[in-house]
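Chemist: can't give you the sequence, but here's the structure:
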DNA sequence: ATTTAGTTACTGACAGCACAGTAAGTTACC
DNA sequence: GGTAACTTACTGTGCTGTCAGTAACTAAAT
């Protein structure tokens, strides 16, 4: 089949070269979207022809998937000691991430654009994002459970909803922030919302909107 | 110049025809994205050639802008009596919208995809979404102020952040829901998060995450 | 009421580019 | 000398936009 470069021995410099390509691809896909981001532009950013890129990654689809995976790895390496923070620490970590993100709009945009694009027909990134959100939700849920335990309260049924909500605010704020950086404070707003949601889980109060309203 | 059809008299049936096109365009753009959604597909859905569509809208860019505007109008007409709900009623309205959205994934997807796509370079929908969010944020902020007044409390500084947060959760949840409908409850989760945020505004409590953490 | 003139709503054909992918050849490593 | 890392050159397709033409409608003139 077309499966070239399987086991074989890539040259030492090659790995770094591929990483360059992945970085460039993330930048282009981030700023122009996947469908609208041509291989040629990625190529010229690493001083290559687009055929060279296809040599390394086989197809544009596969390139996207690898870009996504690569970012994940890079992020994980960023976390000291590799350990997933637990309980309170995870939420603090999320807030810190929001602060850090204000310094890297490129990456923020890449995730915002690519995650939304992934829900479209036949998008090669869909599976990645599906799994990513599932994983993240469960990590957040776990943090909630730990916090409940620490406080000696039973884990409420709202945990799953809260977990999805926490991720949702962060993502949604990113879009608003990208559209209007002058008027949206990404980090502070994320912190506010996360605190609101965590509070609602740990210490629920009656709805200010009256009885449930479907 | 190319500015034909200026003042003159469009045929009576034409308006309805254009609306058909706008509906079809929303569907295609929604399911495949703007860049990835070809005119031909929109055309065949209304039994026309793509040239016919360009006759009506001039360019694909302009079609997108009109699609967005059209949805807005359609939504506004949907609200009984045209009045913008105030105070508590606005939040109840948002929750109801979330419930309603569960029955129309197409529209939800269109907004999710197009709003994120709009932050990319040169996207013709950008201005629309910029204005839309600005407007929505100010409506939500106004509702907060009304609620504060009703309760005889001073409007806190958190209102702007809360407003952005409310919209952000709703949007972010939509993406997660579109990716994994089996595991994300769009409406209930929106309700939960909105209540959490409203509560945090009206009746703030110390952060469960400890002192502010930048 | 019918012609006339003009406009609108298209179709069909095509220009023309942009893009992903392929195949064959070239260089340089190991 | 074999294979990895390319380039050049090319193919084929997909897509937006243009253009000329046509049929149907509308308005005014006769």
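Modeler: Received the coordinates, thanks. Keep in mind that this is a model prediction, so the values were computed, not measured.

Chemist: C-alpha only now, for contacts and for neighbours.
Modeler: Will do.

Chemist: So which residues of chain A form helices?
Modeler: With DSSP state H, the ranges of helices along chain A come out as A:12-32, A:39-45, A:50-57, A:60-78, A:88-101, A:105-117, A:126-150, A:159-179, A:186-202.

Chemist: Out of the ones you listed, which gets the lowest mean score?
Modeler: Between those, the lowest average pLDDT goes to helix A:60-78, which shows a mean of 88.

Chemist: close to chain B, is it?
Modeler: No: counting by CA under 8 Å from any CA of the partner chain, chain B is not contacted by helix A:60-78; separation bottoms out at 14.2 Å.

Chemist: Same list (the helices of chain A) but as CSV, adding distance to DNA strand C and mean neighbour count.
Modeler: Output for those, formatted as CSV (distance: least, CA to the nearest atom of the strand, whole Å; neighbours: other CA atoms under 10 Å in any protein chain shown):
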stretch, distance to DNA strand C, mean neighbour count
helix A:12-32, 6, 19
helix A:39-45, 4, 18
helix A:50-57, 5, 16
helix A:60-78, 4, 15
helix A:88-101, 27, 18
helix A:105-117, 15, 24
helix A:126-150, 16, 18
helix A:159-179, 23, 25
helix A:186-202, 31, 24
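
Chemist: So chain A: which segments form each domain?
Modeler: If you go by automatic domain parsing, the domain ranges for chain A are A:13-81, A:84-205.

Chemist: closest one to DNA strand D among those domains?
Modeler: With CA to the nearest atom of the strand, the closest approach to DNA strand D among the domains of chain A belongs to domain A:13-81: 3.6 Å.

Chemist: need the contact list for residue A:23.
Modeler: Listed by CA atoms under 8 Å, 6 or more residues apart in numbering or on different chains, the contact set of residue A:23 reads residue A:67.

Chemist: 10 Å instead?
Modeler: Residue A:23 makes contact with A:17, A:29, A:42, A:45, A:46, A:67, A:70, A:71, according to CA atoms under 10 Å, 6 or more residues apart in numbering or on different chains.

Chemist: Now do the same contact list for the fourth one.
Modeler: For residue A:45, the residues meeting the contact criterion (CA under 10 Å, 6+ apart) are A:20, A:21, A:23, A:24, A:25, A:27, A:28.

Chemist: Identify, from those, the entry nearest to residue A:186.
Modeler: Among the contacts of residue A:45, residue A:27 lies closest to residue A:186 (CA to CA), at 20.5 Å.

Chemist: Give me the nearest residue to the closest one, chain neighbours excluded.
Modeler: Spatial nearest neighbour of residue A:27, chain neighbours left out: residue A:106 (6.6 Å); criterion: CA to CA, 6 or more residues apart in numbering or on different chains.

Chemist: Report the separation between the one you found and residue A:73.
Modeler: In this view, residue A:106 and residue A:73 are 17 Å apart by CA to CA, to the nearest Å.

Chemist: Who's the closest spatial neighbour of the residue nearest the centre of chain A, skipping the chain neighbours?
Modeler: In chain A, the residue lying closest to the centroid (CA atoms, centre = their mean) is residue A:111, at 5.5 Å. Distances taken as CA to CA, 6+ apart put residue A:30 closest to residue A:111, at 7.1 Å, once the chain neighbours are dropped.

Chemist: what residues are up against the one you found?
Modeler: For residue A:30, the contacting residues are A:24, A:37, A:105-114, B:119-121, by CA under 10 Å, 6+ apart.

Chemist: In the residues you listed, find the pair that's most separated.
Modeler: Largest separation among the contacts of residue A:30 by CA to CA: A:24 and B:119, giving 18.6 Å.

Chemist: Now distance to residue B:166 too, for the domains of chain A, in CSV please.
Modeler: Below are the domains of chain A laid out as CSV (distance: least, CA to CA, whole Å):
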stretch, distance to residue B:166
domain A:13-81, 25
domain A:84-205, 8
